[in-house]
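Chemist: The following block contains a protein sequence and its predicted model.
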Amino acid sequence: MRWDEAKAVAVAWEKAGSWDGESADTPAASIDPPAAPGRITLDEATKVFLSLREGDKISPATLRKYKTFAKQLLAYAASRGYVMLDQLTAADIDRFYAGLKLGLRAKAKRLGTLRSFFRFCMNRKWLQENPVSTDLKPPLGASKVANKVPFTDAELERIIAACDALGAVRWINEQGEGAWTGDEAKDFIWALSYTGLRISDVALFDIKRLQGNEVFLRAKKNGGDVFAYIPDWLRDRLEQRSEARGPMLFVTGESRRLETVTNTWRRRLNRVFALAGPFDETPTPHRFRHYAEFRTMPSRACGGTRTPHEYGARVMPAVASTRHSLRSC
């Protein structure tokens with residue numbers, strides 16, 4: 001073989017990567033498996049969960065409930081010596097849920113929050129298995145319909161009479177001291193009974209909601225606003241209270257926290273109920289709301305379904321719940 005031929009063969013072998021001139025199989029490039037998500041602490045998981053809930057622009061009250069849930073779960077984990085999220089087992093979740101000291105409906109809602117949190121963790125691959133078992137159920141009676149029986153006119157008269165007999169009640173706490181009167185309670189009750197607002201909405205009632213004889217309730221999803229019509233005498237009482245107390249008619253002290261102000265008024269109303277009792281149905285602030293709804297229903301004389309004997313012999317004049325007044329027929 002001549003030198004030129006030998007040189008050409010050597011070049012061919014070099015290109016083929018083998019001594020026989022046949023192409024060697026190229027080894028397949030190794031592909032590393034995707035890295036498994038790292039473990040995360042329960043504290044960090046709850047912080048991420050809460051930050052996203054806060055970004056959803058939910059109400060402050062709802063956000064506080066999420067924070068309470070996170071605090072309770074962290075406290076349980078600490079009592080078991082857990083730090084990492086994946087240390088929580090199905091048995092732990094059962095024990096945690098069973099130990100919650102809540103009312104029936106509140107406990108049922110807390111189960112929804114529990115499921116939401118661990119679904120959130122599963123979606124981020126922080127857990128291989130969801131510790132909230134599918135057979136974990138809300139407590140019996142949680143789905144029972146809440147009491148929707150309004151106060152009768154006779155009961156409302158007794159409640160107002162109890163306010164008149166109450167006088168001044170002094171209070172003192174870390175924020176200061178003062179007194180509230182039966183007259184304040186009476187205005188609060190009239191506001192509940194004529195507007196149908198929740199106790200929390202009346203507790204934080206701002207005089208800006210009052211426009212003449214109409215109280216702003218809410219904005220409708222399809223546009224427009226919903227108002228409740230109140231009589232002149234109640235409008236005057238609310239305006240006089242605003243002149244004496246400022247725009248927040250029923251706030252006592254410095255706190256504007258919804259739960260604090262609302263619970264203050266719950267305790268005050270319970271005191272009034274105790275003076276006005278006994279009642280056939282448990283007296284609750286929500287029954288004022290149903291009373292307001294009842295007052296807007298047309299009587300049977302107007303072609304409606306309301307009958308005086310169902311909720312009291314004397315039916316107050318129907319009032320409007322929208323801009324176009326549904327006054328008594």
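Modeler: Arrived safely, thanks for sending. Residues are numbered from 1 along each chain as shown.

Chemist: Is there a neighbour count for residue 96? I'd like the number.
Modeler: When neighbours are counted by other CB atoms under 10 Å, residue 96 registers 20. Any C-beta I mention is one placed from the backbone N, CA and C, and that applies to glycine too.

Chemist: Pretty sure it sits in a helix.
Modeler: Yes - counting by DSSP: H, G, I helix; E, B strand; the rest coil, residue 96 is found in a helix.

Chemist: contacting residues around it?
Modeler: With contacts taken as CB atoms under 8 Å, 6 or more residues apart in numbering, residue 96 has the following neighbours: 72, 73, 76.

Chemist: Top of those by number of neighbours, please.
Modeler: residue 73 (21 neighbours).

Chemist: pretty sure it is touching residue 45, no?
Modeler: No - applying CB atoms under 8 Å, one finds residue 73 not in contact with residue 45, separated by 9.6 Å.

Chemist: Which residues does stretch 75-93 contact?
Modeler: 39-43, 45, 95-96, 99, 114, 118, 121, 126-128, 131-133, 136.

Chemist: buried subset of those residues?
Modeler: Neighbour counting with 16 or more other CB atoms under 10 Å marks 40, 41, 42, 45, 96, 114, 118, 121, 126, 127, 131, 132 as buried within the contacts of stretch 75-93.

Chemist: So which of these belong to strands?
Modeler: Per DSSP state E, strands hold no members of these.

Chemist: Looking at those residues, which is nearest residue 201?
Modeler: Checking the buried ones among the contacts of stretch 75-93 against residue 201 by CB to CB gives residue 114 as the nearest, at 28.6 Å.

Chemist: residues near residue 249, how many?
Modeler: Close neighbours of residue 249, defined as other CB under 10 Å, add up to 25.

Chemist: give the contact list for it.
Modeler: Contacts for residue 249 (CB under 8 Å, 6+ apart) come out as 187, 205, 206, 207, 238, 241, 242.

Chemist: next one: residue 233
Modeler: Contact analysis of residue 233 by CB under 8 Å, 6+ apart lists nothing.

Chemist: Okay, and it sits in which element?
Modeler: helix 232-245 (DSSP states H and E).

Chemist: Which secondary structure element is home to residue 226?
Modeler: Using DSSP H and E, residue 226 falls within strand 225-229.

Chemist: Show me what counts as buried in that strand.
Modeler: Along strand 225-229, the positions that meet the burial threshold by neighbour count (16+ other CB under 10 Å) are 227, 228, 229.

Chemist: rewinding a little: I'd like the contacts of residue 249 written out as a markdown table, with neighbour count, distance to residue 272 and pLDDT added.
Modeler: Compiled in a markdown table, the contacts of residue 249 are given as follows (neighbours: other CB atoms under 10 Å; distance: CB to CB, whole Å; pLDDT from 0 to 100):
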| residue | neighbour count | distance to residue 272 | pLDDT |
| --- | --- | --- | --- |
| 187 | 21 | 12 | 93 |
| 205 | 24 | 18 | 91 |
| 206 | 14 | 23 | 91 |
| 207 | 15 | 23 | 91 |
| 238 | 20 | 19 | 93 |
| 241 | 19 | 18 | 91 |
| 242 | 17 | 22 | 92 |
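
Chemist: from those, which two are the most distant?
Modeler: Using CB to CB, the contacts of residue 249 reach their maximum pairwise distance at 187 and 206, which is 14.6 Å.

Chemist: wait, residue 66 sits on residue 47?
Modeler: No - using CB under 8 Å, residue 66 is not in contact with residue 47; the gap is 11.5 Å.

Chemist: Which residue of the two possesses the greater neighbour count?
Modeler: Looking at residue 66 and residue 47 with other CB under 10 Å, you find the greater number of neighbours at residue 66, namely 18 against 12.

Chemist: Which strand or helix spans that one?
Modeler: Under DSSP H and E, the secondary-structure element containing residue 66 is helix 60-80.

Chemist: Check which residues of the strand or helix carrying residue 108 are buried.
Modeler: Secondary structure assigned from DSSP H and E places residue 108 in helix 104-123. Buried residues in helix 104-123, counting neighbours by 16+ other CB under 10 Å, are found at 107, 108, 109, 110, 111, 113, 114, 117, 118, 120, 121.

Chemist: Repeat that for stretch 201-220.
Modeler: Buried residues in stretch 201-220, defined by neighbour count with 16+ other CB under 10 Å: 201, 202, 203, 204, 205, 209, 210, 213, 214, 215, 216, 217.

Chemist: Can you tell me which of the residues you listed is nearest residue 278?
Modeler: Of all the buried residues of stretch 201-220, residue 278 sits closest to residue 202, with 25.0 Å by CB to CB.
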